[in-house]
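> I'd like to go over a predicted model; first the sequence, then the structure.
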Amino acid sequence: MISEKMKYFVQNNSALRVMFEEGARLRAKYGADKVYDFSLGNPNVPAPEEVKQAIIDVVNEEDPVVLHGYMNNAGFEDVRQTIAESLNRRFGTAFQFRNLIMTVGAASGLNVILKTILNPGEEVIVFAPYFLEYGSYINNFDGKLVEVPPDTATFQPNLEEFEKRITANTKAVIVNTPHNPTGVVYSEETIKRLAAILEAKQKEFGSVIYLISDEPYRELVYDGVKVPFLTKYYANTVVAYSYSKSLSLPGERIGYLVIPDEADGSEEMITAAGIANRITGSVNAPSLQQKVIARCVDARSDIAYYDRNRTTLYEGLKKCGLECIKPQGAFYLFVKSPVPDEKRFCEAAQKHNILIVPGSSFACPGYVRLSYCVAYETIVNALPVFGELMKEFR
Ligand code: PLP
């Protein structure tokens, strides 16, 4: 008999998962080239050549006993130092290996930091639309998710509504920039205002509020847009990074947390996060992947491929009469549904073998998400089908 908590998750099994299965069913029935699957954020650009070479070199060159052995729960010191130095070069920070904890992707990093800081009943604020798994992660540690409604004009965080929701019981705020599902990058102006609100509220309540920056899309930006590095704007920031998207390695499960020295109680937090890594069951991040990352810390996947997809899909959908903000980062378009009930739009699209995700899966009904980390041809072939679909909504 499964637990009551799990019953809830089984009943609410993500729409994305259902979509994944539907995609497989349609491909088997109609053939892969007749299905336009925009449902998943699974990078289609292969990992850079350096990664492949690094995997081979690590296996050939490293001491197998060390390479495949247990280690400090926070990860190999040399790997953490290499990443710290890369961050310092890029963002003018002063991290040491001790500030980094290698994790099993961002999902695990978020779970580790939430386990580290949350007492039951404490609140974590998130901005709609958001990656719905945040709710599951917060629930894992009996925290309470508090949602800020979206600013649908810009999809920058709605700071007026945010300020009203901060209480003496607020323990953390999760932000994600570049953003899934809108592709928006939070501007420096937004970050400064957000930081000022948090500082003022910490003073008002005499509390510590952590800003958790979930940033698996950090390097996926277009048109030279800069993504502010949040530890520089607010001392109580913790970064959860992942190589799933930036290096196209989602199955390898590798990422890290940064807990800066400036964060309140950082020393204790760093120790606790290492222990949380162990007792949430990861023990440590995959050792082979850690060593691979150290060898290609500044490698990048082919952003130009996503950029061409972004522009082609954005322009094409606009011509079909759909409305959307042009994304500055990540690989998603968040499109206004032509009818208020976006699930009806998704169902109609599915009849044309187009798979898109309802905005309610991101706590933002009335919109749909399209992932454009797909083959360029899928976009080109899908656009006339979108034209057909839209005839039903005129
Ligand atoms: N956070 C956001 C916003 C995501 O979109 C995802 C994955 O899609 C994750 C976290 C989890 O990433 P990872 O594969 O590194 O666990």
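That came through fine.
> measure the nearest residue to residue 55 once chain neighbours are set aside to the ligand for me?
The shortest distance from residue 55 to any non-neighbouring residue, by C-beta to C-beta, 6 or more residues apart in numbering, is to residue 292 (5.5 Å). For glycine as for every other residue, the C-beta is placed from the backbone atoms N, C-alpha and C. Distance, residue 292 to the ligand, by C-beta to the nearest ligand atom, to the nearest Å: 15 Å.
> count of neighbours near residue 292?
Residues lying near residue 292 (other C-beta atoms under 10 Å) number 29.
> do the same with residue 213
26.
> other SSEs contacting the helix or strand harbouring it?
Assigned by DSSP states H and E, residue 213 belongs to strand 210-214. Helices and strands touching strand 210-214, by 3 or more C-beta pairs under 8 Å, 6 or more residues apart in numbering; DSSP states H and E, are helix 105-117, strand 170-176, helix 188-205, strand 237-242.
> mind showing which ranges of the stretch 51-200 of the chain have poor pLDDT?
Along the stretch 51-200 of the chain, no part satisfies pLDDT under 70.
> ok so, going back, how about the strand holding residue 213, does it reach the ligand?
Yes: remark: strand 210-214 sits within contact range of the ligand at residue 214, by C-beta under 6 Å from any ligand atom.
> Parallel or antiparallel, list what pairs with that strand.
Strand 210-214 has the following sheet partners, assigned by DSSP bridges: strand 170-176 (parallel), strand 237-242 (parallel).
> With just CA atoms, put that strand into CSV.
Presented in CSV, the C-alpha positions along strand 210-214 are these (Å, rounded to 0.1, in the frame of the first residue of the first chain):
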residue,chain,number,x,y,z
TYR,A,210,17.1,32.7,1.1
LEU,A,211,16.8,33.4,-2.6
ILE,A,212,17.2,30.1,-4.5
SER,A,213,18.3,30.7,-8.0
ASP,A,214,17.4,27.7,-10.2
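> so that strand versus helix 188-205, what angle?
Going by axes from the mean of the first three to the mean of the last three C-alpha atoms, to 10 degrees, strand 210-214 is angled at 150 degrees with respect to helix 188-205.
> Now tabulate the helices and strands packed on strand 210-214 in JSON lines and tack on distance to residue 36.
As requested, these are exported to JSON lines (distance: least, C-beta to C-beta, whole Å):
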{"stretch": "helix 105-117", "distance to residue 36": "27"}
{"stretch": "strand 170-176", "distance to residue 36": "26"}
{"stretch": "helix 188-205", "distance to residue 36": "34"}
{"stretch": "strand 237-242", "distance to residue 36": "27"}
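> Which one, of those, ends up nearest to residue 277?
Among these, the nearest to residue 277 by C-beta to C-beta is helix 105-117 (5.3 Å).
> Could you export the closest one as PDB, CA atoms only?
What follows is helix 105-117, C-alpha atoms only, in PDB (Å, rounded to 0.1, in the frame of the first residue of the first chain):
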ATOM      1  CA  GLY A 105      21.300  17.900 -11.500                       C
ATOM      2  CA  ALA A 106      19.200  20.900 -10.500                       C
ATOM      3  CA  ALA A 107      16.300  18.700  -9.300                       C
ATOM      4  CA  SER A 108      18.600  17.200  -6.600                       C
ATOM      5  CA  GLY A 109      20.300  20.500  -5.900                       C
ATOM      6  CA  LEU A 110      16.900  22.000  -5.100                       C
ATOM      7  CA  ASN A 111      15.900  19.100  -2.900                       C
ATOM      8  CA  VAL A 112      19.200  19.300  -1.100                       C
ATOM      9  CA  ILE A 113      18.900  23.000  -0.400                       C
ATOM     10  CA  LEU A 114      15.300  22.700   0.700                       C
ATOM     11  CA  LYS A 115      16.100  19.800   3.000                       C
ATOM     12  CA  THR A 116      18.900  21.900   4.400                       C
ATOM     13  CA  ILE A 117      16.800  25.000   5.300                       C
END
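> I appreciate the help and will end here.
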